[in-house]
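Novice: With the sequence up front, the predicted model follows.
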Amino acid sequence: MTRSPWTQVSRPRAAARLRLICLPAAGGGASRYRDWPALLPDDVEVVSVQLPGRENRFNEPSIESMEQLVGPLLDGLAGYLVPPFALFGHSMGGLIAFEMVRRLRRSGPQPVHLFASGCRAPHLPSRSPDWHTLPDREFIAAVEELGGIPSELLGDRQFLDTMLPMLRSDCTLIETYVCRPQVPLSCPVTAFGGLQDREVFPEDVRAWSSHTTGPFRAHLLPGDHFFVNSARSDLLRLLVSELDAASADPGGASVVR
């Protein structure tokens, strides 16, 4: 397979039964999923998406709109979108994954499952002011309150000078995103949320049910917005269980909404 700058595969598994394509939260890169292959079954291959403007693509400009991102991203993933595959996205990554599935159903292969983590349902407005318009001091305070970046790093001016433009671009992408009405997806959808998340509430997680006619489940786990790290073992156990259930029952008779 031709190597793509959009992907990192830390443990290729040629005999895998399924490929799990993982999209990062705002400010994150492909390295956030580096440890997942060791925690998942050997028949699941993890493909981590690397967006422009971070890690080994730091010198490339970040993309600030969903419309400009999804097409090139799907082109970059073309060699990996071979069924069966599933999509997982945390926070911003959940929105991107959702729009990828919408675009794919026009003419491309369909995922066996969409996992949205720490992400309010796409049609719901944010409860917070637009972060990308805030002055630096207020923007940094908002990021610190969310808890995704250690306080010591947020006090490092060199780190901030490096990270702030990319973080602002990611926030711009999220906050200018508009979910345009379309018919619901048909693939199974599972939404995860953190019980102590002050940005994405349980009802925001459950509201994903309106975006699929297929099986839907919502799981609320201990932790704040980054429960994807603190409750990772529980999240991955549930993820594998959902994939196994889908394999055993393609009709998806059991649905929790």
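Specialist: Structure received.

Novice: Strands of the stretch 51-200 of the chain, residue ranges please.
Specialist: For the stretch 51-200 of the chain, applying DSSP state E, counting those that start in this stretch gives strands covering 85-90, 113-117, 189-194.

Novice: Could you dump the ones you listed into TSV with distance to S230 and mean pLDDT added?
Specialist: The way it works is simple: take the backbone N, C-alpha and C, and place the C-beta from them, glycine included. As requested, those are exported to TSV (distance: least, CB to CB, whole Å; pLDDT from 0 to 100):
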stretch	distance to S230	mean pLDDT
strand 85-90	13	97
strand 113-117	13	98
strand 189-194	8	98
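
Novice: could I get those as JSON lines with distance to N56?
Specialist: Output for those, formatted as JSON lines (distance: least, CB to CB, whole Å):
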{"stretch": "strand 85-90", "distance to N56": "20"}
{"stretch": "strand 113-117", "distance to N56": "24"}
{"stretch": "strand 189-194", "distance to N56": "28"}
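
Novice: Dump those into TSV; add mean neighbour count as well.
Specialist: As requested, the strands of the stretch 51-200 of the chain are arranged in TSV below (neighbours: other CB atoms under 10 Å):
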stretch	mean neighbour count
strand 85-90	25
strand 113-117	27
strand 189-194	26
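
Novice: Any idea which of the ones you listed gets closest to S210?
Specialist: strand 189-194 (10.0 Å; CB to CB).

Novice: what sits up against that closest one?
Specialist: Applying CB atoms under 8 Å, 6 or more residues apart in numbering, the contact partners of strand 189-194 are 113-119, 121, 200-202, 204-206, 208-209, 211-212, 214-228, 231, 235, 238-239, 242.

Novice: Same check on stretch 25-35?
Specialist: Applying CB under 8 Å, 6+ apart, the external contacts of stretch 25-35 come out as 7-8, 10, 22, 24, 46, 48-51, 54-55, 90-93, 118, 143, 148-149, 163, 166-167, 170-171, 173-174, 226, 228.

Novice: One more pass at 6 Å, please.
Specialist: The contact list for stretch 25-35, computed with CB atoms under 6 Å, 6 or more residues apart in numbering, reads 8, 10, 22, 24, 46, 48, 50, 54-55, 90-93, 167, 170.

Novice: same question, stretch 227-245
Specialist: Here stretch 227-245 has contacts from L39, H90, S117, T190, F192, G194, H219, L221, P222, G223, using CB under 6 Å, 6+ apart.

Novice: so E60 sits right up against P52, yeah?
Specialist: Yes - assessed by CB atoms under 6 Å, E60 is found in contact with P52 at 3.9 Å.

Novice: By mean pLDDT, which helix or strand of the chain comes out lowest?
Specialist: helix 151-154 (a mean of 68; mean pLDDT, DSSP states H and E).
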